[in-house]
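Visitor: sequence unknown, structure follows:
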């Protein structure tokens, strides 16, 4: 149970958590905070949060749980604004897509990451954003990864885990570096490819025909290119090294495929495609 | 109306057309032909075709419409097998995903492409294949492209168009080269990227974690990597030049993105992602 939950950034991610925790009667009070009142007013109107304030220090007063669901570039400034104003028993967590970057932001503000700061990442989202897009079931059967450091308080970690579980999520722990590598491969790289693909096609001489004749496979394949460009730009900047590593591994493989096609290397192409299909089918089977 | 429709290769594509034309009462008789009896027996059992034969010459006897829905690598051999056995008023069409290659196959058999041969391509499919996957509504509101040559009979073209329209499709005409470029970009390139991506990830040191933490966006993005590897290998071989051109344009763009990420070029990344999102949203809007 949480007495006072403060959510910085009440958009899709923060708003969906608030909705789910309200349903579970998990919080006595949920307070929103961000730099602008408009989204927060909307969040109160929609019943997502109980009240809001634009003052971070006021927001965290007596809070026992603080969630940073702001863009990653804003983590350090929120932490600076609440530093010295949080209760001794308050737990701080975040929902950023890259963890080394958030850890670095916390270090920049606190020197060392506080024991009660538990970096976290809900593996859920949608191409829509904003509090209007919040979904009460967004986290049900979705994974949330927490990446505690060696000195993170075990009690703080358990409280963060319990909160996400109350929202319906399956929570797993992982180390920061592994998280960033895995997410670069499984989420950040696909987004980069989708954006780069749609951008490439839109610049083609025959782009009008391309989009006219695009069918269902294309719609699914490019769905993630309708995601928020600001958020994904930030992720590229904040998880740069792991993303570069992923892009390079992909470039190498695409280059092999290019050469196999150029050389009409039938069995080489067949090997790659069959191997991919087996891996994808095995993944699907595990999911179901 | 068709008196006798012969379908070579009664799988997802041929079988779905047969089901739709039966519903429309558009054919007096639908006969299947391929090299193996097992799939054809299944197709009769499922009510997809009326009867079958393994003998191409026998199959096309008195047929007024002949559809080649076999893998592109098999087009020339089917055309050779039916050459000299078709009626004077028979129209021949196909469902291959690359048209220059089918035209070349027809030329290799006939010297010049017969006037009654109308290359065609239904822009529909699924990652499943085989007659069991046939869907009566596969072509409803889907596009079929016909790519008649300068000397193709207008009457033959109209008969092919009418057949696909009877199955619920919107039929459009296009020239062969443009078709192959557009399809390379909109369909063949995305499939190549999906196969290459899943193959890349499955070869990663952390591939187990990658597939474990992959979420909904990943599932959609990689759906087409569960497609039939044989069919897609053939498409890569048969539409080689246009696919290489598409891959190269993409590689160039991905390389720019890589460099922008490496240089933390925030506004460059933002430009690409915003441009892609606008193009994708505009495409979606047109679709709906």
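Guide: Arrived safely, thanks for sending. Because the structure is a prediction, the values reported are computed rather than measured. Numbering: from 1, shown residues only, chains lettered A, B, ... in the order given.

Visitor: what are the ranges of the helices in the stretch 151-288 of chain A?
Guide: A:154-166, A:176-183, A:189-202, A:207-213, A:216-221, A:229-238, A:240-262, A:266-287 (DSSP state H, counting those that start in this stretch).

Visitor: got phi/psi on residue A:94?
Guide: Dihedral angles of residue A:94 (phi, psi; degrees, to the nearest 10) stand at phi -140, psi 180.

Visitor: what's the neighbour count on the closest residue to residue A:124 other than its chain neighbours?
Guide: Excluding its sequence neighbours, the residue lying closest to residue A:124 (C-beta to C-beta, 6 or more residues apart in numbering or on different chains) is residue A:142, at 4.1 Å. Where C-beta positions appear, they are placed from N, C-alpha and C, glycine not excepted. The burial count assigned to residue A:142 is 19, neighbours taken as other C-beta atoms under 10 Å in any protein chain shown.

Visitor: okay, and for chain A, where does confidence drop off?
Guide: Low-confidence segments of chain A (pLDDT under 70): A:126-127.

Visitor: return the residues in contact with residue A:96.
Guide: Shown in contact with residue A:96 (C-beta atoms under 8 Å, 6 or more residues apart in numbering or on different chains): A:68, A:72, A:75, A:102, A:119, A:121, A:238.

Visitor: wait, the second one sits on residue A:235?
Guide: I take that to be residue A:72. Yes - here residue A:72 reaches residue A:235: they are 7.0 Å apart, a contact under C-beta atoms under 8 Å.

Visitor: neighbour count: these two, which is higher?
Guide: Taking other C-beta under 10 Å, residue A:72 and residue A:235 do not tie; residue A:235 has more neighbours (25 against 22).

Visitor: pretty sure that one sits against residue A:101.
Guide: No - assessed by C-beta under 8 Å, residue A:235 is found out of contact with residue A:101, at 9.1 Å.

Visitor: need the overlap of contacts for the two.
Guide: In contact with both residue A:235 and residue A:101: residue A:72, using C-beta under 8 Å, 6+ apart.

Visitor: report the distance from stretch A:2-14 to the chain centre.
Guide: Relative to its chain's centre, stretch A:2-14 lies at 15 Å (C-alpha atoms, centre = their mean, to the nearest Å).

Visitor: report the buried residues of that stretch.
Guide: A:2, A:4, A:5, A:6, A:7, A:8, A:9, A:10, A:11, A:12, A:13, A:14 (16 or more other C-beta atoms under 10 Å in any protein chain shown).

Visitor: repeat for stretch A:58-70
Guide: A:59, A:60, A:61, A:63, A:64, A:65, A:66, A:67, A:68, A:69, A:70.

Visitor: hang on, the last one is in a strand, isn't it?
Guide: No - using DSSP: H, G, I helix; E, B strand; the rest coil, the assignment for residue A:70 is coil, not a strand.

Visitor: for it, phi and psi?
Guide: Per-residue torsions, residue A:70: phi -100, psi 160 (degrees, to the nearest 10).

Visitor: ok, the nearest residue to it once chain neighbours are set aside - contacts?
Guide: Spatial nearest neighbour of residue A:70, chain neighbours left out: residue A:9 (3.8 Å); criterion: C-beta to C-beta, 6+ apart. Residue A:9 sits next to A:34, A:68, A:69, A:70, A:71, A:74 when contact means C-beta under 8 Å, 6+ apart.

Visitor: cutoff 6 Å now
Guide: Residue A:9 makes contact with A:34, A:69, A:70, according to C-beta atoms under 6 Å, 6 or more residues apart in numbering or on different chains.

Visitor: and residue A:18, by the same measure?
Guide: A:30, A:48, A:49 are the contacts of residue A:18 under C-beta under 6 Å, 6+ apart.

Visitor: on that earlier part again, from the buried residues of stretch A:2-14, which land in strands?
Guide: Using DSSP state E, the members of the buried residues of stretch A:2-14 that fall within strands are A:2, A:4, A:5, A:6, A:7, A:8.

Visitor: closest one of these to residue B:159?
Guide: residue A:7 (63.8 Å; C-beta to C-beta).

Visitor: the closest one contacts residue A:32, doesn't it?
Guide: Yes - with contact defined as C-beta atoms under 6 Å, residue A:7 reaches residue A:32; the gap is 5.4 Å.

Visitor: between the two, which contacts overlap?
Guide: In contact with both residue A:7 and residue A:32: no residue, using C-beta under 6 Å, 6+ apart.

Visitor: I figured residue A:20 hits residue A:165, correct?
Guide: No - the criterion here is C-beta under 6 Å, and residue A:20 misses it with residue A:165 at 10.4 Å.

Visitor: residue of the stretch 1-150 of chain A with the smallest distance to chain B?
Guide: Among the residues of the stretch 1-150 of chain A, residue A:123 lies closest to chain B, at 4.8 Å counting by C-beta to the nearest C-beta.

Visitor: and that residue, what does it touch?
Guide: Contacts of residue A:123 (C-beta under 6 Å, 6+ apart): A:142, A:143, B:213, B:215.

Visitor: try 10 Å this time
Guide: Neighbour list for residue A:123: A:97, A:139, A:142-145, A:169-170, A:172, A:182-183, A:186-187, B:213-218 [criterion: C-beta atoms under 10 Å, 6 or more residues apart in numbering or on different chains].

Visitor: likewise residue A:232?
Guide: Each residue near residue A:232 by C-beta under 10 Å, 6+ apart is listed here: A:97, A:187-188, A:191-192, A:194-195, A:224-225, B:269-270, B:273, B:276-277.

Visitor: just those residues now: which is nearest residue A:242?
Guide: The closest of the contacts of residue A:232, once distances to residue A:242 are taken by C-beta to C-beta, is residue A:188, at 7.5 Å.

Visitor: measure the closest one to chain B for me?
Guide: Taking C-beta to the nearest C-beta, to the nearest Å as the measure, residue A:188 and chain B are separated by 10 Å.

Visitor: now that residue. Nearest residue, chain neighbours left out?
Guide: Closest to residue A:188 by C-beta to C-beta, 6+ apart is residue A:243, at 5.0 Å.

Visitor: count of residues packed around that neighbour?
Guide: Residues lying near residue A:243 (other C-beta under 10 Å) number 28.

Visitor: got it, and residue A:257?
Guide: Counted with other C-beta under 10 Å, residue A:257 comes out at 22.

Visitor: hmm, it is touching residue A:273, no?
Guide: Yes - look at residue A:257 against residue A:273 with C-beta atoms under 10 Å: they come within range, at 9.0 Å.

Visitor: which neighbours do those two share?
Guide: Common neighbours of residue A:257 and residue A:273 (C-beta under 10 Å, 6+ apart) are B:192, B:195, B:196, B:199, B:236.
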